[in-house]
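Participant: here are the coordinates; sequence isn't available:
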């Protein structure tokens, strides 16, 4: 009778012994009861298996599972809908997880929308997550009530091991209900360890190519918050042969995919949590308005060319700007059209200097030939006047050209020393005036 009595919180002596982690005491109680346990729950609706799994006491867990009432206790839920398997995964107790799975423990969502598999990722227990995945592989595509899958939960946990595991088992890269991808969470939390795990994984290109509505280009976020990880991305974009550099078959390749974001990116509007039987809510979501906490997001983005290089220049990321991949990209753009722009500017400068020199010498010669009876020393020949007008027009044209360079990053993003170029051009124009 004493063994089945409960206190004010509904806990029996077995409950109290399990909470204290007294496995020897629990074993003695089981022997006293001759293997027969009465089903009791505490104020949190936790049975004996819940407490044994939460404490990680696999010996006591095994002993309780040997009692006649264990089939009833195995998949019971507590006040938040958690089974003993949930609590074992929450605590990272791999041995308890294995024992419960071997006895037929079921995997379903608790009241928070989390399965034991998701809980293991959320708490950063990669070993438990691997055991749960091997038992039920179909769980990798599941999401909780907030739309977070295993990748999102691993990113929230800040566990590089869990992020790598989720990528290994093929968890899809998606957006949650906040329209964030798992990589967005990693970048926002400035989690360099997890970000490096992503970059070093075989699916790194897939992760960087994924465009979420609010963070369409992860590379820009890496440059801003995690420059060392951005450098690791550039390192992976550069591959070279294992042969000696002077070998005839030696080669190097460069990937500029994550430096080029100049194309327009557009998607159809996203609908969040819309009731199909509510036409007003559906119409509001499709029109981009808010109705009953359901929002439609229009993902129309127009990126400026060379945003990646501009971000590097503005944030003074010298290590990234001097990287071999960036230098190769700049050289490619220089050969494509930068050299032609420079040639046009050089020819214009030469013509301006030439015309200005001719005008100056002609004007000086005319002034020397003017006699003392001339009406005014300021009278110039018609040829000098024409030269003066052409020179002035060319100077105005060069001023407009320089102004366009000032407001356009397209060309000067290719030139790291753009400030020096602008100063030289400005002084040249001022001198001409």
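Facilitator: All right, it came through fine. Here the structure is a predicted model, which is why all the values come from computation and not from measurement. Numbering: from 1, shown residues only.
Participant: Strands of this structure, start to end?
Facilitator: 238-240, 252-254, 265-266, 270-271, 290-291, 294-297, 300-301 (DSSP state E).
Participant: How much space separates the residue lying closest to residue 116 once chain neighbours are set aside from residue 74?
Facilitator: Nearest residue to residue 116, sequence neighbours excluded (CB to CB, 6 or more residues apart in numbering): residue 89, at 3.9 Å. All C-beta atoms are positioned from the backbone trio N, CA, C, and that covers glycine. Distance from residue 89 to residue 74, counting by CB to CB, to the nearest Å: 15 Å.
Participant: ok, the two, which is more surrounded?
Facilitator: For residue 89 versus residue 74, neighbours defined as other CB atoms under 10 Å are more numerous around residue 89 (32 against 19).
Participant: Let me know whether that one touches residue 97 as I believe.
Facilitator: Yes - between residue 89 and residue 97 there is a contact at 5.9 Å, judged by CB atoms under 8 Å.
Participant: overlap in contacts of those two?
Facilitator: By CB atoms under 8 Å, 6 or more residues apart in numbering, residue 89 and residue 97 have these common neighbours: 116, 128, 132.
Participant: for the last one, what are its contacts?
Facilitator: Yep, that's residue 132 we're talking about. Here residue 132 is in contact with 89, 97, 101, 107, 116, 117, 120, 139 (criterion: CB under 8 Å, 6+ apart).
Participant: ok, now how distant is the residue lying closest to residue 225 once chain neighbours are set aside from residue 310?
Facilitator: Nearest residue to residue 225, sequence neighbours excluded (CB to CB, 6+ apart): residue 190, at 5.3 Å. When CB to CB is applied, the distance between residue 190 and residue 310 equals 22 Å.
Participant: Please name the residues that touch the closest residue to residue 174 other than its chain neighbours.
Facilitator: Leaving aside its chain neighbours, residue 174 sits nearest to residue 149 (6.3 Å; criterion: CB to CB, 6+ apart). By CB under 8 Å, 6+ apart, residue 149 lies in contact with 140, 141, 142, 143, 166, 171, 172, 174, 176, 182.
Participant: just residue 220 next, same as before
Facilitator: 261, 307, 308, 311.
Participant: ok now do the third one, which residues does it touch?
Facilitator: By CB under 8 Å, 6+ apart, the residues touching residue 308 are 217, 219, 220, 223, 258, 259, 260, 261.
Participant: Sort out which of those residues are buried, if you could.
Facilitator: Using 16 or more other CB atoms under 10 Å as the burial test, the contacts of residue 308 include 217, 219, 220, 223, 258, 259, 261 as buried.
Participant: So which of the residues you listed sit within helices?
Facilitator: Taking DSSP state H as the definition of helices, the buried ones among the contacts of residue 308 contribute 219, 220, 223.
Participant: between those, which is nearest residue 249?
Facilitator: Taking CB to CB as the measure, residue 249 lies nearest residue 219 of these, at 31.9 Å.
Participant: What sits closest to the closest one if chain neighbours are left out?
Facilitator: Leaving aside its sequence neighbours, residue 219 sits nearest to residue 258 (CB to CB, 6+ apart; 4.7 Å).
Participant: returning to that earlier point: as JSON lines, the buried ones among the contacts of residue 308 with pLDDT and distance to residue 388 would be great.
Facilitator: Output for the buried ones among the contacts of residue 308, formatted as JSON lines (pLDDT from 0 to 100; distance: CB to CB, whole Å):
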{"residue": "217", "pLDDT": "87", "distance to residue 388": "51"}
{"residue": "219", "pLDDT": "92", "distance to residue 388": "52"}
{"residue": "220", "pLDDT": "91", "distance to residue 388": "49"}
{"residue": "223", "pLDDT": "94", "distance to residue 388": "49"}
{"residue": "258", "pLDDT": "90", "distance to residue 388": "52"}
{"residue": "259", "pLDDT": "88", "distance to residue 388": "47"}
{"residue": "261", "pLDDT": "70", "distance to residue 388": "47"}
